[in-house]
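Asks: here's a sequence, model it:
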Amino acid sequence: MKNYFVLLIFLSFFSFTTITEKVENNARPGFYISVEDFTDRSNHEFIVESKDSVNIIFEQFFSSELELGNVDRPITIFNGKRNFYIARVTVSEKPNGELSFRHLKYPNVYVKRSKLTPAVF
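Replies: Presented below is the predicted three-dimensional model:
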């Protein structure tokens, strides 16, 4: 009976490891974009995988000469009419074909004040 129980745990362990490997293999880098348009009270959400798609979406909502550079951290742009949010994410595909994402973990950028040296002019 004890051997049967150990065998059952061993088989269940292997059945779960293949699922996690499939999820990791389907994970790709991408971008999550959320746009709140206050002029017509609509919300738009996009999950894209290429920087070209990000630039097309940005140009669709903002008519300016600005371009998005490298997105190292989440960016929020609010101009009174639209709230534009973009973040780098890990894109994965669900079994039903929908795209889902997981936010990247960014290191803490705050430095304690005691570690900073004062500027001398």
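Asks: number of nearby residues for residue 57?
Replies: Applying other Cβ atoms under 10 Å, we find 19 other residues in the vicinity of residue 57. For glycine as for every other residue, the C-beta is placed from the backbone atoms N, C-alpha and C.
Asks: same thing with residue 91?
Replies: Residue 91 has 18 nearby residues by other Cβ under 10 Å.
Asks: just the element for it, please.
Replies: Using DSSP states H and E, residue 91 maps to strand 82-93.
Asks: which parts of the following helix or strand past that strand are buried?
Replies: Remark: after strand 82-93, the chain's next helix or strand is strand 99-103, criterion DSSP H and E. Using 16 or more other Cβ atoms under 10 Å as the burial criterion, the residues of strand 99-103 that qualify are residue 101.
Asks: and strand 99-103, C-alpha only, in PDB?
Replies: Extracted in PDB, the C-alpha atoms of strand 99-103 (Å, rounded to 0.1, in the frame of the first residue of the first chain):
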ATOM      1  CA  LEU A  99      -3.700  35.800 -25.500                       C
ATOM      2  CA  SER A 100      -2.900  36.500 -21.900                       C
ATOM      3  CA  PHE A 101       0.000  38.300 -20.200                       C
ATOM      4  CA  ARG A 102       2.100  38.400 -17.100                       C
ATOM      5  CA  HIS A 103       3.800  41.700 -16.000                       C
END
